[in-house]
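S.K.: After the sequence you'll find the predicted model.
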Amino acid sequence: MIIKNNLEQILRTIPKGCTLIAVSKTHLAETVLQAYEAGQRIFGENKVQELVAKYEALPKDIQWHLIGHLQSNKVKYIAPFVHLIHSIDSLKLLQEVDKQGSKNGRVIPCLLQVHIAQEETKFGFSPEEIETLLKSPELAELKSIQLVGLMGMASFTKNQQQVRSEFKSLKALFEKLKRQTLPANVRMTELSMGMSGDYQMAIEEGSTMVRVGSAIFGNRNYTTP
């Protein structure tokens, strides 16, 4: 009941046009099933191994989002079913997703991860690198991917002004790119930003997808293999 109540409470704070991704990383499939039974159908995982295991164990009408850092050699495991990859951070990775999408006869939707945080540990393109990528002939050649927007993670800080500023910068880039002539395999429709601690601020700044875990499931279960 706790998960159901948490979900209902969060959904009341999310406006129409913004998608809730329930981040189920480190939580057992049984726990994820409680959220599913409460009506949630969109879940996010950080690690490929965990994502594949849950895909196999849980109902097949779930939309699985890969939101964590993705290595090229792991793409093949999720290519048959992943609904959206949030964390594309290099052309090389995008080319591998395209290759695996082609092998599986599907076009895989992806988001480009933008480095907006002050921390060096976060992955992602700089805004300048994004603009260069979108103009590159190598990107235009890819037929089995569809870039549908941007993703970013704000700094892990109590400075709310800084977090809001980072969200604003990502939204500004998103709007700038929307106004440009983009390749056939790119459309700027989704802006994935905001997690349990800052998703309401992210929504205020224009997020279309929020990635909420602990506010739904409670603290992470780090004993999960």
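M.R.: Done, it's in.

S.K.: Report the contact partners of the nearest residue to Ala117 once chain neighbours are set aside.
M.R.: Using CB to CB, 6 or more residues apart in numbering and skipping residues adjacent in sequence, the residue nearest Ala117 is Ser155, 4.2 Å away. Glycine gets a C-beta too; all of them are placed from N, C-alpha and C. By CB atoms under 8 Å, 6 or more residues apart in numbering, Ser155 lies in contact with 117-119, 162-163, 166.

S.K.: Let me have those residues in a markdown table, extended by pLDDT and neighbour count.
M.R.: Conversion of the contacts of Ser155 to a markdown table gives the following (pLDDT from 0 to 100; neighbours: other CB atoms under 10 Å):
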| residue | pLDDT | neighbour count |
| --- | --- | --- |
| Ala117 | 88 | 18 |
| Gln118 | 81 | 13 |
| Glu119 | 73 | 11 |
| Gln162 | 96 | 14 |
| Val163 | 96 | 23 |
| Glu166 | 97 | 24 |
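
S.K.: can you tell me which of those residues are in helices?
M.R.: Taking DSSP state H as the definition of helices, the contacts of Ser155 contribute 162-163, 166.

S.K.: Please convert those to a markdown table, extending it with distance to Ala172.
M.R.: Written out in a markdown table, the entries for these read as follows (distance: CB to CB, whole Å):
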| residue | distance to Ala172 |
| --- | --- |
| Gln162 | 16 |
| Val163 | 15 |
| Glu166 | 11 |
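
S.K.: nearest to Gln40, of those?
M.R.: Checking the ones in helices among the contacts of Ser155 against Gln40 by CB to CB gives Val163 as the nearest, at 25.6 Å.

S.K.: Read off the pLDDT value for the nearest residue to that closest one once chain neighbours are set aside.
M.R.: On the basis of CB to CB, 6+ apart, the spatially nearest residue to Val163 that is not a chain neighbour turns out to be Ala154, at 4.4 Å. As predicted, Ala154 sits at a pLDDT of 93.

S.K.: Adjust the sequence numbering to begin at 858 for everything that follows.
M.R.: Right, with 858 as the first residue, what we last looked at is Ala1011.

S.K.: thought Ala1011 was touching Glu976?
M.R.: No - with contact defined as CB atoms under 8 Å, Ala1011 does not count as touching Glu976 (9.7 Å).

S.K.: So which residues of this structure form helices?
M.R.: For the chain, helices defined by DSSP H occupy the ranges 859-868, 886-894, 905-914, 932-935, 948-960, 984-991, 994-997, 1017-1035, 1056-1061, 1071-1074.

S.K.: any idea which of these is most buried?
M.R.: When neighbours are counted by mean count of other CB atoms under 10 Å, the highest per-stretch mean among the helices of the chain falls to helix 1071-1074, a mean of 21.

S.K.: Many thanks, have a good one.
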